[in-house]
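**Student:** okay, predicted coordinates and the sequence, questions at the end:
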Amino acid sequence: MSVLFLILMVMNSFALLGQFNAPYTNLDTARYQITYSLKYQEDSLNPSYIRQEDMVLFVGKRQSMFQSLSLYLGDSIARRIPTPEMFAAYFNNNVTAPRPVLLFQIFKNYPTGKNTVTEHLIGSPFLYDEVRPVCQWQLTGETKVMYGRKAQKAVCRYGGREWVAWFTPEIPINDGPYKFDGLPGLILLLHDSKKHYSFEFISIKELKHLVVIDLKQLDYIKGSRLDYIRARDKNQAEIQRRLKDVGANETTLIEVYHKLNRKNNPIELK
Amino acid sequence: MKKLVMTLMLIAFFIASPGASASSENCQTSVLTCPDGRQHYVVWCNASDWWTWSELLCGVRIN
């Protein structure tokens, strides 16, 4: 009886430990980790202000997961923190802790034949799916050597932008950055025609350790991609309202207002 | 009596288990400290809320 009691108490402690973080749904096991450097112009009116973020693509047998490397690292830490108070203390006291900016995740081929996309808006994590591939590639016939590999050029339209991809059949992984896949080889370089968003291949490695492709179970608002874009465009007012609710001063409100106004060049325009 | 205690403990265990609840979101107000030492009150419900506030309130200033 006492042994059983002890076992139950220990199990219960682990169960409670996980409650700050929502549970996850395991989708696949990653076999490859591909890293890209994303450079993007956040403000369409200011071409000299270019932001950079490393992005990571985990490729499994059936699904892949694409997100900011910083989000992946930050989330890996957050999963091990049992309470909100400890989370706040950790991220307040570690200046080197990851501070992800791009908070979306893309799960390709989940469910089968579709992509699942999670986006974050203050107060409302959003989830939508869409049929893949998201665009119909056209091969231009142009080739060049890129990162030591023979690459071919393909173009397509998606989200209000014209996209150019350079892929290599020498790496037989039909995947790439963001939502883009479906070419006969890994995408090494992807950019839109204005080069407001540019993903450049950094590295590929075959994983020897376990990396699970999993989806966090939050209370997502579910809708279509266009529902998300509408919600995204309304989120600025919600941010300002929440800041006022906690008594933010005028200087902070103005600073945040200007920062939000500069975020006027999303990767998907429509 | 022992059986009753065991049953109650099993019920408590399954109620506490994360798998038993649809969501474990827990919104609260905390102080967010920026790397430059500035502090702000924020209401946040999950890690991504925290990082959003961190970027908006502490992020790079553009001149």
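**Tutor:** Sure thing, it's come through.

**Student:** mind checking the longest helix of chain A?
**Tutor:** Of all segments of type helix in chain A, defined using DSSP state H, the longest is helix A:225-245.

**Student:** chain center to the helix or strand harbouring residue A:39, what's the gap?
**Tutor:** Element membership for residue A:39 (DSSP states H and E) is strand A:24-41. Distance of strand A:24-41 from its chain centroid, counting by Cα atoms, centre = their mean, to the nearest Å, is 8 Å.

**Student:** again, but for stretch A:100-110
**Tutor:** With Cα atoms, centre = their mean, you get 3 Å for stretch A:100-110.

**Student:** about what we covered before: from the contact counts, what lies against the longest helix of chain A?
**Tutor:** strand A:114-119, strand A:126-131, helix A:250-262 (3 or more Cβ pairs under 8 Å, 6 or more residues apart in numbering or on different chains; DSSP states H and E). All C-beta atoms are positioned from the backbone trio N, CA, C, and that covers glycine.

**Student:** and the next helix or strand after the strand holding residue A:39 with strand A:24-41, angle?
**Tutor:** Later in the chain than strand A:24-41, the nearest helix or strand by DSSP H and E is strand A:50-60. Strand A:50-60 and strand A:24-41 are oriented at 150 degrees to each other (axes from the mean of the first three to the mean of the last three Cα atoms, to 10 degrees).

**Student:** partners of strand A:50-60 in the sheet?
**Tutor:** With DSSP bridges as the test, strand A:50-60 is paired with strand A:24-41 (antiparallel), strand A:64-68 (antiparallel).

**Student:** which parts of it are buried?
**Tutor:** By neighbour count, with 16 or more other Cβ atoms under 10 Å in any protein chain shown as the criterion, the buried positions of strand A:50-60 are A:53, A:55, A:56, A:57, A:58, A:59, A:60.

**Student:** so for it, mean pLDDT?
**Tutor:** Here strand A:50-60 scores 97 as its mean pLDDT.

**Student:** which residues touch that strand?
**Tutor:** By Cβ atoms under 8 Å, 6 or more residues apart in numbering or on different chains, the residues outside strand A:50-60 that reach it are A:27-42, A:64-70, A:72, A:100-102, A:173, A:175-177, A:199, A:202, A:211, A:213.

**Student:** what stretches of chain B score poorly on pLDDT?
**Tutor:** B:1-26, B:60-63 (pLDDT under 70).

**Student:** of the helices and strands packed on helix A:225-245, which is nearest residue A:94?
**Tutor:** helix A:250-262 (22.9 Å; Cβ to Cβ).
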